[in-house]
Structure formats: structure tokens, C-alpha cells
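Undergrad: sequence and predicted model, in that order:
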Amino acid sequence: MLSSCEPQLRLFSCSVILLLLFQASDAKRDLKSACITCQQITENFNKGFDRTAKQNFGGGNTAWEERKLSKYEKSEIRLMEILEDLCESSSFECNRMVEEHEEQFETWWFKKKTKHPDLHKWFCIDAIKVCCPKGTFGPDCNACIGGSERPCHGNGVCDGDGTRGGNGKCSCDHAYKGEFCLDCIDGHFSEVRNDTFSLCSECHSSCKTCTGATNQDCDECKEGWEKDNQKACVDVNECAKDSSPCNEDQYCLNSEGSYSCKACDDACTGCTGAGPDECQACAQGYQDVEGTCTDIDECSQSEPACLKEHQECVNNKGNFICICASGYEEKDGECVQQSGWAFSLVKTESGAGRHEPIPPNLSSPYSLLVHHRLAHKYLHGPDSSYPSDPLQP
Ligand SMILES: [Ca+2]
Ligand SMILES: [Ca+2]
């Protein structure tokens, strides 16, 4: 029993169990990622090989330098320089793989390089067996579905292709489906098809399914399209139907395979298109002027629009408003002479803003000093004396 274990032993047992669980769940992914790591290592090896070819050559061409160079070319020093730069220091898996197989690199460098110049094949596939040749997958490097020459018949990606992992099944490219990626998906038709080759092309945009490329080759039309006399799929004009599919304050705009509803102009009550000249009737506050619904200027009619005393009329699009004239304010629905003080954000001499009381009918531009004198009297009474600095009373 674990509970009867010595603490150290218990810790050890737990670690082993966790490690086994971890390994089991990650084994499948590891097989693929180990190959990717190995691939990167061999790519970096080739880069390092090119880099060191230039590095230790001073550019001279004396016999001594050339002898030195040829000695360096196949030297252990050069191998070590290449091995040093194979992995990012943060990549645990890469560094582990290089350390674990350092001897393999030496073997290849000194004995196998001439006969087996492809390091990826020699190292990743044949020596440490973490990769497979292209078009094959899994522990035994079996051929992908569709064969190793053209996995998935050239229309998809084979799971685990080139690694010791995966299951060899195909993820088909767009337009293809089926275990072998030879069938066409909906909206596509087969141009060429035999046991090993398939070419699927897109149907005409009006077809749901089809046998060819034009709108006459549709088996079935897409929504928004219908067959005409020649059995071709053509656009349905939704806007020409007896009952419009749009709301009353919208007009209908037909499009290929669809339609849209757009808002009428503000000047219209119902419309047949965009703008105030496409109205079925003019909205309230507008009148027809030569076929265009135009705002009525209520303020310039012979009959005054605003009837109360001291009112002014302001025209707006589609309506008008009555406001109290300058110096008057609204009180209980009437315009009465302004008596109170308003507060306004004014700019002080220092450039800052502050709320100051302003007297009624004070028209700008006005003297800041006069304003402050008035403000001071408002705050401290009409008989108060005015301080020297208006901004710091
Ligand atoms: Ca349409
Ligand atoms: Ca108006």
C-alpha cells in the first residue's frame, strides 16, 4: 500500500505513476512532434554547415590558408560549432534529442556523410527512427491512403505524413470529400474522375448541385434562384412580387440570388427608391415641389407659426419649434423676461475653465473685468467692494 510506504518511496511511486500516465496520453502526439523536432535539427544542421563554410575562411588564398581550410572542413571543431547552434536554448525536446544522439552525428560526420549526404533521411528516418519517408506514416512507415506517391490522391493531407505517428487517413482539401478525397462536395461537380485521379470544380453560383459549370447545368437551384423556360437557374426578383417583402417605410432592392430592404428618405411616407424624389407620398412637414418632397418652412408662412408673445420660430427639417426670444425665458408655458442668473463655463485669463455666473443679456465679447465685477456683486451683494484680483476673491 502506498500509505505504508516510506515518504521517499511514496514520492517515487507517485512520480512513476504520473510519468506513465503522462507518457501514455502524450505518446501519440509525441511521435509527430519528435519528427518535427528532428526535421528542425537537420535543417539547422544544414544551415550551420553553410554558415561555417564561410566563417573560418579569411578570404585569402595562400597555400597555407587553403590547407588550413581543407583541414577545418572535415574537422571535429567544425562539427562542434554546428552542433552548438542546432537548438534554441529554450527548446527542451530539441536539446534532449541532440544530446541523446550526439554520437550519431559524429558517426555521420566522419563516416557516412559521403555515402548518405541527406542527413534527414540518414538520421531522422533510418538511424533514430522518428520520421518516415514522405507519403508514409506510423511506426512501420506504411503508405498513406492513396499511396505514398500521391497521398490522398493529391486532394488532401495524410495524417502523420512523414512521421512515425498519425493514422494515415486523409483530410481532404476544399471541394473534395470521402475516404480517398475523390468525391466532390455539394456545389461542386466532377470534371475528371477515375480510380486514382479526381478534379472537382465549383458549380455556377445559382446551383445548389450541378453536373457542369453553367447555370444550365444545375440539378437544383440555390435559394433565391428559380428555373426559367430554358431550365436555367435565374435570379428571383423578390421586389417584383405583388406583396413587397419590405416594411412600409422601406424600399426593395433586388440583387443576384437575394434582395435587400433600404430605409426610405425622411421626407417620404412610403417610397420606391432612395432620396426625396422617390416618395409615394410626402411625410408630414414636407410638400411636393416638382416631384421632390421638400421641407415646409413654417416660419416664413404668412400666418405666424408661433403665437405666444416674445416667441421666435425656428424652422427644422420636417417640423419647426417655438423658442423664447433673446432675453426671455420660458416659465409656465409663457416667455417672461429673464431675471435669474445663468451659470456658464468661461475661460479665465490663466486659460483654465471655471463656472461663473453671467448676468442676463450679457452679450459677448465682453470685458472679463466687467463680468467679474458683476459676478462679485451677485455673490457678495450689491454694496460689496470689489477685490483687486478678480480671479481670487
Ligand atoms: Ca433576387
Ligand atoms: Ca420645416
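TA: On my side now, so go ahead. Ligands and ions are numbered 1, 2, ... in the order given.
Undergrad: which single residue of the stretch 51-200 of the chain ends up nearest ligand 1?
TA: Here the residue of the stretch 51-200 of the chain nearest ligand 1 is residue 187; by CB to the ion that distance is 18.7 Å. No exception for glycine: its C-beta is placed from N, CA and C like everyone else's.
Undergrad: show me what contacts the closest residue to that residue other than its chain neighbours?
TA: Nearest residue to residue 187 in three dimensions, chain neighbours excluded: residue 203, at 5.2 Å (CB to CB, 6 or more residues apart in numbering). Each residue near residue 203 by CB atoms under 8 Å, 6 or more residues apart in numbering is listed here: 187, 188, 189, 209, 210, 213, 217, 218.
Undergrad: phi and psi next, for the fifth one.
TA: Looking back up the chat, that one is residue 210. Dihedral angles of residue 210 (phi, psi; degrees, to the nearest 10) stand at phi -160, psi 170.
Undergrad: doesn't residue 208 make contact with the residue of the stretch 51-200 of the chain closest to ligand 1?
TA: Yes: the criterion here is CB atoms under 8 Å, and residue 187 meets it with residue 208 at 7.0 Å.
Undergrad: run through who's touching stretch 305-317.
TA: 266, 285, 295, 297-300, 304, 320-325, 328, 333-335.
Undergrad: now do the buried residues in that stretch.
TA: By neighbour count with 16 or more other CB atoms under 10 Å, stretch 305-317 contains the buried residues 305, 306, 310, 311, 313.
Undergrad: next, the closest residue to the first one other than its chain neighbours: phi, psi?
TA: Closest residue in space to residue 305, ignoring its immediate chain neighbours: residue 298 at 4.3 Å, by CB to CB, 6+ apart. Main-chain dihedrals, residue 298, degrees, to the nearest 10: phi -60, psi -20.
Undergrad: any regions of this protein where pLDDT drops low?
TA: The chain contains residues with pLDDT under 70 at 1-29, 55-62, 64-66, 69, 340-393.
Undergrad: on that earlier part again, can you tell me how far the residue nearest to residue 305 is from ligand 2?
TA: Distance, residue 298 to ligand 2, by CB to the ion, to the nearest Å: 5 Å.
Undergrad: that residue contacts residue 321, correct?
TA: No: with contact defined as CB under 8 Å, residue 298 and residue 321 do not form a contacting pair (9.5 Å).
Undergrad: which one's more surrounded, the two?
TA: Neighbours per residue (other CB atoms under 10 Å) separate residue 298 from residue 321, with residue 298 holding more: 19 against 14.
Undergrad: how about the residues of the stretch 201-350 of the chain that lie near ligand 2?
TA: Proximity of the stretch 201-350 of the chain to ligand 2, by CB under 5 Å from the ion, involves residues 295, 315.
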